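Student: Task: produce atomic coordinates for the following.
(chains A and B)
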Number of protein chains: 2
Amino acid sequence: MPPDTDPLPSWNDTGTRQAIVGFVEAVTRDGGDGHVPPAERVAVFDNDGTLWCEKPMPIQLDFILRRLAVMAEQDPSLRERQPWQAAYTRDLGWLGQVVTKHYQGDDRELPVLAAGVLQAFGGITVEDFEGQADAFLRDTQHPTLGRGYLACAYTPMVELLRYLEANGFANYIASGGGRDFMRPITQEVYGVPRDRVIGSSITLAWKPDGPGGRIVRKPELDVVDDGPAKPVRIWSRVGRRPILAAGNSNGDLPMLQFAEQPGRPGLRLLVMHDDPEREFDYVAGSERALEEAGARDWTVVSIKRDWATVFDPGWTGSGP
Amino acid sequence: MPPDTDPLPSWNDTGTRQAIVGFVEAVTRDGGDGHVPPAERVAVFDNDGTLWCEKPMPIQLDFILRRLAVMAEQDPSLRERQPWQAAYTRDLGWLGQVVTKHYQGDDRELPVLAAGVLQAFGGITVEDFEGQADAFLRDTQHPTLGRGYLACAYTPMVELLRYLEANGFANYIASGGGRDFMRPITQEVYGVPRDRVIGSSITLAWKPDGPGGRIVRKPELDVVDDGPAKPVRIWSRVGRRPILAAGNSNGDLPMLQFAEQPGRPGLRLLVMHDDPEREFDYVAGSERALEEAGARDWTVVSIKRDWATVFDPGWTGSGP
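Tutor: The predicted structure follows:
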């Protein structure tokens, strides 16, 4: 393939790339055994750690911490209570272990964090929340990578999304992260329109006051879109079983398993974070997923081996 | 407009038709004051009584009753209990008053009906349920109209959906009826793909057994997509406020109100059933909606006055 028409220039020529291209060619080959009609070409992607960087902490957690710190700034009594205390003192150790324990299946400290998170944005309209998320994502730098958060998407995964779209796929984001947090930027960063963003949600309520009424956020969790909730949310939203799923952690296991149907092609991609030079090197929270990938013959994407480029090299550093 | 290019041939040339065409032209006129970018042209439609006939009872209720009757056939002890008794004896009076009371805001008897409904399809996979719904909709005749259920869609509304789609709109079905009941036929009947069907849902559960795992229906209500739930579900699924909403009953009021935003065009359509000759004549369950339509200057669609044709005249009667 001549380089100027290569749809995946940031992927090295490894078995992983060959598995992706072979799958797409099989699915789109007219009259072929593995042909799948365009309407049934559904691909689902986790976001944190799969489409963009999730270390040293998920980007949304930084968003929440800054809001909690502002709350503690305004109300000193909050500074003695978690999670405000951790946010106010930037005690990332406390927060990191809550997240790591969650991925290991231990959610005992999660309610403390969740209570703060829910209060941080309770009662505001969905439009106000979106405005805050949008401004944060555009104006904030990643703490160590030396680039803005919007430039923390993985270039090879963005290429993959575009390659799939050019081949008739509908791409969905099925993330444990907040649906309404991601929506303002998914079209621009990933080419995924907002109606194809599935993710965790808080309870919303309709208020009929004023012209058009308002939808406001209640301080109450609706669905945590992780683990077994992922296939259920995907079915509920799409009404189809995906033929491609990409994830990186234990919480993506059911979604990856769901993208399998006897008698039709399927591709399961598991992103492995093994590149301390260009990104991060960690397995915490992905141990079972990596085991299953080996046992079930899923395709492991090694950042170190399979990606020629990790982040957009054209990012100029002018502005975040 | 020459008749062969008229996108709305089943609509009489009344103020209603003029309101629709005027709205679409304003929204699509480049550089016009009311121009709305294609990505923001979201239209939402109730289904029962708005896109297809809901009398003498909602089509899905017939589906459920037949299943309940089969259960009572197999288990005589069920024949003394509601709702199986009503289903087994075809006592439509009992059922009709439950539905009418619901529209009037009285849900005291609804749990009895709901319990039976939930048991009727509990424990089966989403694919099995879809197969049953699909077969029922294709094989069953409307009790009085002399046509199959799939031919009970309103021709003018199907034309409206296509006209909107041709003008860059994304059409969604936001129905109180069951999402998974409608999905197998919405593309064929309305041109609305399954991922744009929003509706009531029962709780689903992921079972990891077997290749690909399964999603099964639990005998438990998830969301009744009616009243204030409609704007919330629309926002959750679409991530946008619609600019057009069409409904016919009190349960559609919040959705109709939601399709209004200061400074941008909006169209609210309320279908009024006033044609005993060609369809049905009733206001029960729509009283408040009709009042609000008058007070808020929404567009009332009179079946008798505004529609030249109600149902597909090309339906041959061969097959259901």
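
Student: what is the mean pLDDT for stretch A:154-170?
Tutor: For stretch A:154-170, the mean pLDDT works out to 98.

Student: for the residue nearest the centre of chain A, what are its contacts?
Tutor: Centroid check for chain A by C-alpha atoms, centre = their mean gives residue A:47 as the closest residue, at 1.1 Å. With contact taken as C-beta atoms under 8 Å, 6 or more residues apart in numbering or on different chains, residue A:47 is in contact with A:173, A:175-177, A:182, A:199. Any C-beta I mention is one placed from the backbone N, CA and C, and that applies to glycine too.

Student: distance of it from chain B?
Tutor: Going from residue A:47 to chain B by C-beta to the nearest C-beta, to the nearest Å gives 15 Å.

Student: So which bits of the host helix or strand of residue A:128 are buried?
Tutor: Under the criterion of DSSP states H and E, residue A:128 resides in helix A:126-139. Residues of helix A:126-139 classed as buried: A:126, A:129-130, A:132-133, A:136-137 (neighbour count, 16 or more other C-beta atoms under 10 Å in any protein chain shown).

Student: and those as CSV, adding distance to chain B and pLDDT?
Tutor: Below are the buried residues of helix A:126-139 laid out as CSV (distance: C-beta to the nearest C-beta, whole Å; pLDDT from 0 to 100):
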residue, distance to chain B, pLDDT
A:126, 6, 97
A:129, 11, 97
A:130, 9, 97
A:132, 16, 97
A:133, 12, 98
A:136, 18, 97
A:137, 15, 97
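
Student: which one of those residues sits closest to residue A:213?
Tutor: Nearest to residue A:213 among those, counting by C-beta to C-beta, is residue A:126 at 11.6 Å.

Student: quick one: contacts for that closest one?
Tutor: A:180, A:204, A:215-217, B:235.

Student: quick one, helices of the stretch 51-200 of chain A?
Tutor: A:59-74, A:84-88, A:92-103, A:110-120, A:126-139, A:155-166, A:179-190 (DSSP state H, counting those that start in this stretch).

Student: For residue A:205, which residues are in contact?
Tutor: A:215-216, A:218, B:228, B:232.

Student: which stretches of chain A aren't confidently modelled?
Tutor: Applying pLDDT under 70 to chain A flags residues A:1-4, A:317-320.

Student: for chain B, what are the nearby residues on it?
Tutor: Counting by C-beta under 8 Å from any C-beta of the partner chain, the residues of chain A close to chain B are A:39, A:126, A:170, A:179-180, A:183, A:193-195, A:197, A:201, A:204-206, A:208, A:211-213, A:215, A:228-229, A:231-232, A:235-241, A:254, A:257-262.

Student: neighbours around residue A:310, how many?
Tutor: 20 (other C-beta atoms under 10 Å in any protein chain shown).

Student: can I assume it sits in a helix?
Tutor: No: counting by DSSP: H, G, I helix; E, B strand; the rest coil, residue A:310 falls outside a helix, being coil.

Student: I'd say it and residue A:273 touch.
Tutor: No: judged on C-beta atoms under 8 Å, residue A:310 makes no contact with residue A:273 at a distance of 10.5 Å.

Student: thinking again about what came up before, let me have the buried residues of helix A:126-139 in JSON lines, adding distance to residue B:152 as columns.
Tutor: Below are those laid out as JSON lines (distance: C-beta to C-beta, whole Å):
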{"residue": "A:126", "distance to residue B:152": "36"}
{"residue": "A:129", "distance to residue B:152": "41"}
{"residue": "A:130", "distance to residue B:152": "40"}
{"residue": "A:132", "distance to residue B:152": "46"}
{"residue": "A:133", "distance to residue B:152": "44"}
{"residue": "A:136", "distance to residue B:152": "49"}
{"residue": "A:137", "distance to residue B:152": "47"}
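
Student: In contact with the residue in the stretch 51-200 of chain A that chain B sits nearest to: list those residues for me.
Tutor: Closest approach between the stretch 51-200 of chain A and chain B, counting by C-beta to the nearest C-beta: residue A:194, at 3.7 Å. Residues near residue A:194 by C-beta under 8 Å, 6+ apart: A:183-184, A:186-187, B:238-240.

Student: anything in contact with each of residue A:310 and residue A:273?
Tutor: Contacts common to residue A:310 and residue A:273, judged by C-beta under 8 Å, 6+ apart, are A:279, A:303.

Student: quick one: the strands in chain A?
Tutor: Under the criterion DSSP state E, strands of chain A are mapped to A:42-45, A:170-178, A:197-207, A:214-223, A:244-247, A:267-274, A:281-282, A:299-302.

Student: Could you identify which of those strands is most buried?
Tutor: strand A:244-247 (a mean of 28; mean count of other C-beta atoms under 10 Å in any protein chain shown).

Student: which secondary structure elements does it contact?
Tutor: Applying 3 or more C-beta pairs under 8 Å, 6 or more residues apart in numbering or on different chains; DSSP states H and E, one finds that strand A:244-247 makes contact with strand A:42-45, helix A:155-166, helix A:253-258, strand A:267-274.

Student: Format these as JSON lines; extra columns: distance to residue B:89.
Tutor: As requested, the helices and strands packed on strand A:244-247 are exported to JSON lines (distance: least, C-beta to C-beta, whole Å):
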{"stretch": "strand A:42-45", "distance to residue B:89": "44"}
{"stretch": "helix A:155-166", "distance to residue B:89": "54"}
{"stretch": "helix A:253-258", "distance to residue B:89": "42"}
{"stretch": "strand A:267-274", "distance to residue B:89": "52"}
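
Student: So which of those is nearest residue B:161?
Tutor: Closest among the helices and strands packed on strand A:244-247, once you apply C-beta to C-beta, is strand A:42-45, at 23.0 Å.

Student: Can you list the strands that that closest one pairs with?
Tutor: Strand A:42-45 has its sheet partners listed here by DSSP bridges as strand A:170-178 (parallel), strand A:244-247 (parallel).
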